[in-house]
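Q: okay, structure incoming, though there's no sequence with it:
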């Protein structure tokens, strides 16, 4: 998933927060929670998503390994 596709969700939550502000009669607690959640989600996605499909180095397989539990 690209960062651009991922950002659709936080932007949508931000829009819901703005609409909630007007529909609820300027209620601040819910609006602030929605907006903070959308900003945090965007920040996490922006920092973590580019490394989502990175696979680190793997150890070589030892053909002589025997599991001591068996």
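A: Yep, it's here. Everything numeric here is computed off the predicted structure, so don't read it as measured data. Numbering: from 1, shown residues only.
Q: quick one: pLDDT of the residue nearest the centre of the chain?
A: For the chain, residue 45 is the residue whose C-alpha lies nearest the centre (CA atoms, centre = their mean; 4.3 Å). In this prediction, residue 45 carries a pLDDT score of 89.
Q: give me the helices and strands touching the helix or strand hosting residue 47, please.
A: Taking DSSP states H and E as the definition, residue 47 sits inside helix 28-48. Judged by 3 or more CB pairs under 8 Å, 6 or more residues apart in numbering; DSSP states H and E, helix 28-48 is in contact with helix 3-6, helix 8-23. Heads up, the C-betas are built off the backbone N, CA and C, glycines and all.
Q: my read is that the residue nearest to the centre of the chain contacts residue 8, right?
A: No - the pair residue 45 / residue 8 is not scored as a contact, 10.3 Å apart, by CB atoms under 8 Å.
Q: in this structure, where is pLDDT below threshold?
A: Scanning the chain with the threshold set as pLDDT under 70 gives 1, 70.
Q: quick check: most distant residue from the centroid of it.
A: The chain, CA atoms, centre = their mean, max distance from centroid: residue 64 (41.3 Å).
Q: so what's residue 9 closest to, chain neighbours aside?
A: residue 41 (6.8 Å; CB to CB, 6 or more residues apart in numbering).
Q: so what's the gap between stretch 33-43 and the chain middle?
A: 10 Å (CA atoms, centre = their mean, to the nearest Å).
Q: residues making contact with that stretch?
A: With contacts defined as CB atoms under 8 Å, 6 or more residues apart in numbering, stretch 33-43 is touched by 7, 9, 10, 11, 13, 14, 16, 17, 18, 20.
Q: redo that, cut-off 6 Å
A: 10, 13, 14, 17 (CB atoms under 6 Å, 6 or more residues apart in numbering).
Q: and the nearest residue to the third one once chain neighbours are set aside, how far from residue 4?
A: This points to residue 14. In this structure, residue 14 finds its nearest non-sequential neighbour in residue 38, 4.1 Å apart by CB to CB, 6+ apart. Per CB to CB, to the nearest Å, residue 38 is found 16 Å from residue 4.
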